[in-house]
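Colleague: Predicted coordinates and the sequence they were generated for:
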Amino acid sequence: MAALTILANAAEGPFDNYLRVAVLAVVALVFGILPLLIALVLRPKKMGEIKQAAFECGLESKGDPWVQFKVQYYVYALAFVIFDVEVIFLYPWAVAFADVGMGGFIAMAVFILLLAESLVYLWLKGVLSWK
């Protein structure tokens, strides 16, 4: 707290902003490293067989844990993200529709046309159909 008071009362100099950034960097480093050091001190010292055992559902897994998923799942998820993120851009535009003018309307029309084009592309590639 004393360091912040000194910074607040310091005369404005050419490097004053750099000093504030340096103090912020030090505080950020301490804030990140301190929990790791506390965990290092407080952690259990003896790691036994029970501590190392898998605890998810209490059962040992069977089979190969490296199951490869179809690429179609990933492409479908990416398509969902693309069309879900469009709502983030459409909502503010719809709220301020009266204030954006013709330039805003044209920009959003181009945006929607690009989204429609990507939807048609995905449809023609067969990404949206499950087999």
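Modeller: Noted; the coordinates are in hand. Residues are numbered from 1 along each chain as shown.

Colleague: ranges for the helices of this structure?
Modeller: Counting by DSSP state H, the chain forms helices over residues 2-9, 16-42, 49-52, 71-95, 97-125, given from the N-terminal end onward.

Colleague: Run through the neighbouring helices and strands of the last one.
Modeller: This means helix 97-125. Using 3 or more CB pairs under 8 Å, 6 or more residues apart in numbering; DSSP states H and E as the contact definition, the elements that helix 97-125 packs against are helix 71-95. C-beta: built from backbone N, CA, C; applies to glycine.

Colleague: Report all helices and strands that the helix it packs on contacts.
Modeller: Using 3+ CB pairs under 8 Å, 6+ apart, the elements in contact with helix 71-95 are helix 97-125.

Colleague: List the buried residues for the helix it packs on?
Modeller: Buried residues in helix 97-125, counting neighbours by 16 or more other CB atoms under 10 Å, are found at Met108, Leu115, Leu122.

Colleague: right, so of the helices of the chain, which gets closest to Gly63?
Modeller: Among the helices of the chain, helix 71-95 comes nearest to Gly63, with 19.2 Å by CB to CB.

Colleague: Output the lowest mean pLDDT helix or strand found in the protein.
Modeller: The weakest-scoring helix or strand in the chain, judged by mean pLDDT, DSSP states H and E, is helix 2-9 (a mean of 56).

Colleague: I appreciate the help and will end here.
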